[in-house]
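> here's my sequence, what's the structure:
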Amino acid sequence: MAFQDLLDQVGGLGRFQILQMLLLCISSLITYPHILLENFTAAVPGHQCWVHILNNNTDSANATGTLSPDALLRISIPLDSNLRPEKCRRFSRPQWQLLNLNRTFPNITDLDTESCVDGWVYDQSIFTSTIVTEWDLVCESQSLKSMAKFLFMAGMLVGSIVYGHLSDRWLAESARWLIITNRPEEGLKELKKAAHRNGRKNAGDALTMEVLRSAMQEELEAAQIKSSVFDLFRTPNLRKRICLLSFVRFANFMSFFGLILHLQYMGSNVFLFQVLFGAVNLPANCVAFWALNHLGRQVSQTLFLFLLGISILAITFVPQEMQTLRMAVSALGIAVSSVTLMCSFAHGNELTPTVLRVTASGFLGIASNIGAALAPLLMILTVYSPHLPWIIYGVCSILGGLVVPLLPETRNKPLPDSIQEVEKERKDSRKAKPEGTFMKVTQF
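Got it, this is the predicted structure:
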């Protein structure tokens, strides 16, 4: 763990590190809103079948103006099981006899109905135009809306793979990673840069290649062996970690994007939900910081993944009429989902060796984006049951919580630099160690 000593000399958290974090925040601020736009560009407004007698203002049948819009609606559109106008069916011909029934609702199953062969009429009071109204992605075509969201998220998956090597060149490389990957000259340059920006010029000037090689002799010898993505699965301990981390990240992202991409399911006011969900993210990150520091990585992820699953299942069975309760439970779900994401990122980085940490992050990112892409695709299952996709989101979160305890705790433990150190941990974990004998490297 000689690198930690070098990092302490140049400054572990100073202006240099803060600048890098700010640059990352700017890139996130640019990207994230594009994902949330799907809640507005793909919103489904109220709609019903277009009916000639109801929606054609020049129709002679109502030229006298004796029939109100409600009366015309009654003879044109059948009612569903909730006594609301059907969205996908209309009467084959006007049912004039329904005008004389006052408030009673007869059995209309014998009346001829048909699909919306002439198109739909949309409520434009909130959304004047969306992809749903432009392309009529309702009724039999409603699954195409989920496909549109899926293609957007799949584009993120492809982009993360194709452009991953290009997107991080405007940020400083990790000095630790440069040294471990047999690029000590570049690593030394980055350490000196960090020291100068952190106001420790003397410490930076004192760093030489001889000092670096002396401090990290073991790591530099290991760096002579070239590594690849296949090394993630060559050894049993690392392979187990990657597989378990991939499932946890997959389940977490699928549940998270299942929530944030379907705000309209939570309630009619998507604008209020968007503001609320954005507001809960800041305190959620503070909770994540506290939990990681006091509860540890295992307990934090397990606890909040369970809470996430329970929250999603609760949303599923809370009636639409109870908007306040649905809003509260939904906000809780978004908050705990953000906490689990923070915990998962920290845990994943601390479980993978430095020599493969970038590669592992890329692989876990693929698993994450697959979960994010599947989140909207699962909404196609609503044709069988409106609750089915949400049950899957909730169950996957709970399963992820059950998997986390199979991963080792990393709080207050040194970061592994090589695959050998990861495999050695399995043997060392069988031997009891006195409290406080390890280096506090991953403590926040």
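
> where are the low-confidence patches of the chain?
Residues of the chain meeting the criterion pLDDT under 70: 1-2, 57-65, 101-110, 163-168, 170-173, 180, 204, 218-227, 426-444.

> pull the CA atoms of stretch 377-395 into PDB?
The C-alpha trace of stretch 377-395 is given here as PDB (Å, rounded to 0.1, in the frame of the first residue of the first chain):
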ATOM      1  CA  LEU A 377     -39.100  -2.800 -22.200                       C
ATOM      2  CA  LEU A 378     -40.800  -4.600 -19.300                       C
ATOM      3  CA  MET A 379     -43.700  -2.200 -19.500                       C
ATOM      4  CA  ILE A 380     -44.900  -4.200 -22.500                       C
ATOM      5  CA  LEU A 381     -46.000  -6.800 -19.900                       C
ATOM      6  CA  THR A 382     -48.800  -4.400 -18.800                       C
ATOM      7  CA  VAL A 383     -51.000  -5.900 -21.600                       C
ATOM      8  CA  TYR A 384     -51.200  -9.000 -19.300                       C
ATOM      9  CA  SER A 385     -51.200  -7.200 -15.900                       C
ATOM     10  CA  PRO A 386     -50.700  -3.500 -15.100                       C
ATOM     11  CA  HIS A 387     -48.800  -4.600 -11.900                       C
ATOM     12  CA  LEU A 388     -46.500  -7.200 -13.500                       C
ATOM     13  CA  PRO A 389     -43.500  -4.900 -14.500                       C
ATOM     14  CA  TRP A 390     -43.500  -3.300 -11.100                       C
ATOM     15  CA  ILE A 391     -43.600  -6.600  -9.300                       C
ATOM     16  CA  ILE A 392     -40.500  -7.600 -11.300                       C
ATOM     17  CA  TYR A 393     -38.700  -4.300 -10.400                       C
ATOM     18  CA  GLY A 394     -39.500  -4.900  -6.700                       C
ATOM     19  CA  VAL A 395     -38.500  -8.600  -6.700                       C
END
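
> run the chain-centre distance for it.
17 Å (Cα atoms, centre = their mean, to the nearest Å).

> cool, and stretch 36-52?
Per Cα atoms, centre = their mean, the centroid offset for stretch 36-52 relative to its chain is 24 Å.

> and the end-to-end length of that stretch?
Length of stretch 36-52, first residue to last, Cα to Cα, to the nearest Å: 37 Å.

> doesn't residue 121 lie inside a strand?
Yes: secondary structure of residue 121, determined by DSSP: H, G, I helix; E, B strand; the rest coil: located in a strand.

> tell me how many other residues crowd residue 404.
25 (other Cβ atoms under 10 Å). Every residue, glycine included, has its C-beta placed from N, CA and C.

> quick check, it in a strand?
No: applying three-state DSSP, one finds residue 404 to be helix, outside a strand.

> please tell me how far it sits from residue 306.
10 Å (Cβ to Cβ, to the nearest Å).

> swap in residue 78?
44 Å.

> next one: residue 181
38 Å.

> secondary structure class for residue 45?
Looking at residue 45 with three-state DSSP, the answer is coil.

> neighbours of it, how many?
18.

> surely it touches residue 129?
No: under the criterion of Cβ atoms under 8 Å, residue 45 is not in contact with residue 129, lying 9.4 Å apart.

> before we move on, what SS does residue 417 have?
Applying three-state DSSP: residue 417 is coil.

> for it, grab phi and psi.
phi -100, psi -30 (degrees, to the nearest 10).

> confirm that residue 137 sits in a strand.
No: applying three-state DSSP, one finds residue 137 to be coil, outside a strand.

> so the closest residue to it other than its chain neighbours, which of the three states?
In this structure, residue 137 finds its nearest non-sequential neighbour in residue 145, 4.3 Å apart by Cβ to Cβ, 6 or more residues apart in numbering. Secondary structure, three-state DSSP: residue 145 is helix.

> spit out the contact partners of residue 145.
42, 44, 131, 132, 137 (Cβ atoms under 8 Å, 6 or more residues apart in numbering).

> test my guess that the last one contacts residue 146.
No: if you go by Cβ under 8 Å, residue 137 and residue 146 don't touch, sitting 9.1 Å apart.

> strands along the protein, start to end?
Using DSSP state E, the strands of the chain run over 47-49, 89-91, 113-115, 120-122.

> of the ones you listed, flag the one that's most buried.
Comparing these by mean neighbour count (mean count of other Cβ atoms under 10 Å), strand 47-49 ranks first with a mean of 23.

> residue boundaries of the helices in the stretch 301-444 of the chain?
323-351, 354-377, 388-403, 419-428 (DSSP state H, counting those that start in this stretch).

> so which bits of the shortest one are buried?
Within helix 419-428, the residues that count as buried by 16 or more other Cβ atoms under 10 Å are 419, 421, 422, 423, 425.

> who are the neighbours in contact with the fourth one?
This points to residue 423. 235, 236, 237, 238.

> now these: which count as buried?
Counted by 16+ other Cβ under 10 Å, the contacts of residue 423 give 237, 238 as buried.

> would JSON lines of the contacts of residue 423 with distance to residue 317 be doable?
Converted to JSON lines, these look like this (distance: Cβ to Cβ, whole Å):
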{"residue": "235", "distance to residue 317": "45"}
{"residue": "236", "distance to residue 317": "42"}
{"residue": "237", "distance to residue 317": "41"}
{"residue": "238", "distance to residue 317": "41"}
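
> what's the closest of the contacts of residue 423 to residue 262?
residue 238 (36.0 Å; Cβ to Cβ).

> can you tell me how far the closest one sits from residue 209?
30 Å.

> what is the neighbour count of the nearest residue to residue 5 once chain neighbours are set aside?
Nearest-residue entry for residue 5: residue 215, 6.5 Å, with adjacent residues in sequence omitted and distances by Cβ to Cβ, 6+ apart. Residues contacting residue 215 under the criterion other Cβ under 10 Å number 19.

> doesn't residue 353 make contact with residue 181?
No: the pair residue 181 / residue 353 is not scored as a contact, 11.4 Å apart, by Cβ under 8 Å.
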